[in-house]
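Peer 1: Here you go, sequence then predicted model.
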Amino acid sequence: MNNQKFFIRYANVSDISTIMELIQLKAEFDGCPNLVEATPKKLEDTLFCENPLAFVLLAEMKGNIIGFATYHQIYSTFLAQPGIWLDDLYIKAEYRRLGVGEALIKYLCQITQKIEGKRIDWIVKVNNAPAIKFYEKMGAKIIQQVRLCRLDREGITDGDRSSSFN
């Protein structure tokens, strides 16, 4: 299988069902399949519209989609430069260790350079040792001093906080 060639391309609207499948596989891998609220319609409305909120790269081998990366542009005030937030990176199990993840990261590096960006950020589960090792091999610095913070749907819509801006 190592001699088979794959390539990276941008997803298009005809890939929505495949993107849905990959999202579900990624959620299962992460242990949270019940958190997926994406639908084909939501993906079409947010990814394949006039001003897309994010972009999807697909890894393809012999007509089969074998992995994906999703990303969107970010901005660093410290650098006063753009960058990329890598939201998802997932390779189907049977295609891991073929260089697909590395190719997706390198493609993201090229995109970042094209927008004159200065960094790519993402998160990794602390117990995902293979991913951490892979990212470090790619040159990533694993920053231990920060924690992900999130206001979920309930936190965003809490009446006490949201009404103070009216």
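Peer 2: The structure has been received and is ready for your questions.
Peer 1: Who are the packing partners of the strand or helix carrying Ala69?
Peer 2: Element membership for Ala69, per DSSP states H and E: strand 64-76. On a contact count with 3 or more CB pairs under 8 Å, 6 or more residues apart in numbering; DSSP states H and E, strand 64-76 meets helix 16-30, strand 55-61, strand 81-91, helix 100-114. Every residue, glycine included, has its C-beta placed from N, CA and C.
Peer 1: hang on, isn't Asp15 packed against Glu60?
Peer 2: No. The pair Asp15 / Glu60 is not scored as a contact, 9.7 Å apart, by CB atoms under 8 Å.
Peer 1: Ignoring the adjacent residues along the chain, who's closest to Thr112?
Peer 2: Ile84 (5.1 Å; CB to CB, 6 or more residues apart in numbering).
Peer 1: Hmm, Gln110 and that neighbour touching each other?
Peer 2: No. Look at Ile84 against Gln110 with CB under 8 Å: they stay out of range, at 10.6 Å.
Peer 1: higher neighbour count, the two?
Peer 2: Taking other CB atoms under 10 Å, Ile84 and Gln110 do not tie; Ile84 has more neighbours (22 against 9).
Peer 1: beta partners of that one?
Peer 2: Residues in a beta bridge with Ile84, per DSSP bridges, are Gln73, Ile120.
Peer 1: Check it and give its pLDDT.
Peer 2: Ile84 carries a pLDDT value of 97.
Peer 1: Check Glu154 too.
Peer 2: 87.
Peer 1: host element of it?
Peer 2: helix 153-157.
Peer 1: Restrict that helix to CA atoms and write it as PDB.
Peer 2: C-alpha atoms of helix 153-157 as PDB (Å, rounded to 0.1, in the frame of the first residue of the first chain):
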ATOM      1  CA  ARG A 153     -24.600  27.200  23.500                       C
ATOM      2  CA  GLU A 154     -26.000  27.700  27.100                       C
ATOM      3  CA  GLY A 155     -23.200  30.000  28.100                       C
ATOM      4  CA  ILE A 156     -23.600  32.100  25.000                       C
ATOM      5  CA  THR A 157     -27.400  32.500  25.400                       C
END
